[in-house]
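Undergrad: Compute the structure for the input listed below.
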Amino acid sequence: MTQNTNLKISAIRGSFLDFITDPFYYPELETVRYINDGLMIISGGIIQELDTYDKLKYKYPEIPVTSYPGMLILPGFIDIHIHYPQTEIIASSSTQLLEWLDKYTFPAEGKFQDKNYAQKIASFFLDQLLQNGTTTPLVLTTVYPQSVDALFEEAELRNMRIIAGKMLMDRNAPDYLLDTPETGYQDSKSLIKKWHGKGRLLYAITPRFAITSTSEQLHLAGVLKQEFPDVYVHTHLSEQQSEIEKVSQIFPNSKDYLDVYEKFGLVTDKSIFAHCIYLSDSEFERLSQAGSTIAFCPTSNLFLGSGLFPLNRAKSENNPVKVGLGTDVGGGTSFSIFQTMNDAYKISQLQGQSLSSLKAFYLATLGGAISLSLEDKVGNFEVGKEADLVVIDTKVTPLLKLRNARNNPDSLTDIVDELFTLMILGNEQAVKATYVAGNLVYEN
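TA: Below you'll find the predicted structure:
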């Protein structure tokens, strides 16, 4: 390997596990790569090599090695739907979605007019993600441009790869949270030019959902997408029945909820729709054809009583749709991807389906990257990708230590069993360390 002496070179030793393809469609054990005693070489934040320690130790004798014996190293987790302004209202008791928005969410978002307050919450929010092993989030902000600036500024300090955008809302919300079609368009355009593609930062056009945007605003959101085709679209779709009924009243000429977004050019291969619990077969087919993504947010769906997302339908061989996991804080009840997988497993069980540990961890890593069109940059440990990774202590609690006592580190079958214990019993305690672009950013 040709080495650039201007770039910092480092090495990490441990047990590495990542995915090379989708376990929903191929024999599961053939979709995963596991190296019991591996060595990863990182230069300039990029993975240069990954192989067994015995094969690489003589090739890089002078590089300092950080070792994690007995630990499991995974790609950094990817959270494809989360609200940073709702951090302080997590675990707020209410009935269901629309009342919860009025009672808690809108007042909390009003505080983000204050840039200093937004900066404080943004810093806390990103640190919480890193403590939970999440290195790439897709984030909703507020209607205030300064709330977007605050988040991107804090992410830039940490060199995190994040996607975010200003909320668009011009009706059905308190006056202090409303923009107009024109101001929403102009503010978004300025923010795209300022932040999209700056370092590891990316932008998403973000109408909150159809209920809070007029046709004029959705039209201009579509214009933005035409003007900046490589940015994302991020919104909500079919989370609760009452929401769907209200959308049908507001947009009587649309054949279904998805059609509202389709008419304005917002259903694309870089569009992410949160929840999607009550889609028709036609809507699943059209999302598949467009190459769009669904954010599966199980803790939120259970907490708000929204319903059971049909994961097997989305991941079927007939008109499959890209899917990733979203914590959906603060309707979601945890920043932890482990807890998110736990509830995803239970939602599948309630529908007579089974979510294996490999499928769950795929959704949290490579599947999440594919769902965000970032599989060329993050999601697994392929050479040339960004070195975002999380180090997991699979025996961190007495119960996990007891449960995983018989583990054979050379056995992939045993590792799969360990992953299952993590998705059911794990939490942020299990995160020993988090690396962003090869740099240690959190250590427990």
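Undergrad: Name the next helix or strand downstream of the longest helix along the chain, please.
TA: Among the elements of type helix in the chain, defined by DSSP state H, the one spanning the most residues is helix 115-131. Beyond helix 115-131 on the C-terminal side, the first helix or strand identified by DSSP states H and E is strand 134-140.
Undergrad: In the stretch 1-150 of the chain, where is pLDDT below threshold?
TA: Applying pLDDT under 70 to the stretch 1-150 of the chain flags the ranges 1-6, 94-98, 100.
Undergrad: Tell me which stretches of the stretch 251-400 of the chain form helices.
TA: 257-262, 281-290, 298-303, 311-314, 337-350, 357-364, 366-371, 398-403 (DSSP state H, counting those that start in this stretch).
Undergrad: I'd like these as TSV, with mean neighbour count and mean pLDDT appended.
TA: (Each C-beta comes from the backbone N, C-alpha and C, glycine too.) Conversion of the helices of the stretch 251-400 of the chain to TSV gives the following (neighbours: other Cβ atoms under 10 Å; pLDDT from 0 to 100):
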stretch	mean neighbour count	mean pLDDT
helix 257-262	23	98
helix 281-290	17	98
helix 298-303	24	95
helix 311-314	18	98
helix 337-350	22	98
helix 357-364	26	98
helix 366-371	27	98
helix 398-403	13	94
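Undergrad: Any chance of JSON lines for those, columns distance to Leu191?
TA: As requested, the helices of the stretch 251-400 of the chain are arranged in JSON lines below (distance: least, Cβ to Cβ, whole Å):
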{"stretch": "helix 257-262", "distance to Leu191": "21"}
{"stretch": "helix 281-290", "distance to Leu191": "25"}
{"stretch": "helix 298-303", "distance to Leu191": "26"}
{"stretch": "helix 311-314", "distance to Leu191": "31"}
{"stretch": "helix 337-350", "distance to Leu191": "28"}
{"stretch": "helix 357-364", "distance to Leu191": "28"}
{"stretch": "helix 366-371", "distance to Leu191": "23"}
{"stretch": "helix 398-403", "distance to Leu191": "43"}
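Undergrad: Tell me where the stretch 1-150 of the chain has strands.
TA: Along the stretch 1-150 of the chain, the stretches classed as strands by DSSP state E, counting those that start in this stretch are 9-19, 32-43, 46-52, 65-75, 77-83, 134-140.
Undergrad: Mean neighbour count and distance to Lys395 added to these, as TSV?
TA: As requested, the strands of the stretch 1-150 of the chain are exported to TSV (neighbours: other Cβ atoms under 10 Å; distance: least, Cβ to Cβ, whole Å):
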stretch	mean neighbour count	distance to Lys395
strand 9-19	22	13
strand 32-43	20	16
strand 46-52	17	23
strand 65-75	18	7
strand 77-83	29	20
strand 134-140	28	22
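Undergrad: wouldn't Ala433 be in contact with Tyr442 here?
TA: Yes. With contact taken as Cβ atoms under 8 Å, Ala433 and Tyr442 are classed as touching, separated by 6.5 Å.
Undergrad: and the gap between the residue nearest to Asp37 when sequence neighbours are not counted and Lys401?
TA: Closest residue in space to Asp37, ignoring its immediate chain neighbours: Tyr53 at 4.7 Å, by Cβ to Cβ, 6 or more residues apart in numbering. Summarising the geometry, the distance separating Tyr53 from Lys401, computed by Cβ to Cβ, to the nearest Å, is 25 Å.
Undergrad: Check Thr413 too.
TA: 20 Å.
Undergrad: repeat for His196
TA: When Cβ to Cβ is applied, the distance between His196 and Lys401 equals 45 Å.
Undergrad: residues in contact with Ile46?
TA: When the contact criterion is Cβ atoms under 8 Å, 6 or more residues apart in numbering, the partners of Ile46 are Gly384, Lys385, Glu386, Ala387, Ala437, Gly438.
Undergrad: What residues are bridge-paired with it?
TA: Counting by DSSP bridges, Ile46 is bridged to Ser43, Glu386.
Undergrad: In contact with the residue nearest the centre of the chain: list those residues for me.
TA: Per Cα atoms, centre = their mean, the C-alpha nearest to the average position across the chain is that of Asp79, at 1.7 Å. For Asp79, the contact set (Cβ under 8 Å, 6+ apart) comprises Leu129, Thr134, Thr136, Pro137, Leu138, Leu325, Gly326, Thr327, Ile337, Thr340, Gly368.
Undergrad: Which of the contacts of Ile46 sits closest to Ala360?
TA: Lys385 (21.3 Å; Cβ to Cβ).
Undergrad: Hmm, that closest one is touching Asp376, no?
TA: Yes. A contact is recorded between Lys385 and Asp376 when judged using Cβ under 8 Å, the distance being 7.5 Å.
Undergrad: so what's His83 bridging to?
TA: The residues paired with His83 through beta bridges, assigned by DSSP bridges, are Leu140.
Undergrad: Distance check, the residue nearest to Asp37 against Val391.
TA: Here the criterion is Cβ to Cβ. By it, Tyr53 lies 16 Å from Val391.
Undergrad: the more surrounded of these two?
TA: In this comparison of Tyr53 against Val391, neighbours counted by other Cβ atoms under 10 Å, the higher total goes to Val391 at 24 against 17.
Undergrad: how much space between that one and Gly133?
TA: Between Val391 and Gly133 the computed distance is 8 Å (Cβ to Cβ).
Undergrad: any shared contact partners between the two?
TA: Between them, Val391 and Gly133 have Val431, Thr434 as joint contacts when contacts are counted by Cβ under 8 Å, 6+ apart.
Undergrad: Tell me which residues touch Arg13, please.
TA: Contacts for Arg13 were tallied using Cβ under 8 Å, 6+ apart; they are Asp37, Gly38, Leu39, Met40, Tyr53, Val65, Thr66, Ser67, Tyr68.
Undergrad: Please name the nearest non-neighbouring residue to Ile90.
TA: Spatial nearest neighbour of Ile90, chain neighbours left out: Gly330 (3.9 Å); criterion: Cβ to Cβ, 6+ apart.
Undergrad: for Arg161, same thing?
TA: Excluding its sequence neighbours, the residue lying closest to Arg161 (Cβ to Cβ, 6+ apart) is Arg200, at 4.0 Å.
Undergrad: Tell me, how many residues neighbour the one you found?
TA: For Arg200, the neighbour count with other Cβ under 10 Å is 22.
Undergrad: any idea how far Glu153 is from the residue lying farthest from the centre of the chain?
TA: Relative to the C-alpha centroid of the chain, counting by Cα atoms, centre = their mean, Tyr58 is the outermost residue, at 37.6 Å. Going from Tyr58 to Glu153 by Cβ to Cβ gives 44 Å.
Undergrad: Same question for Ile80.
TA: 22 Å.
Undergrad: pretty sure the residue nearest to Arg161 contacts Ile163?
TA: No. Shown here, Arg200 and Ile163 do not form a contact pair, counting by Cβ under 8 Å, at 9.9 Å.
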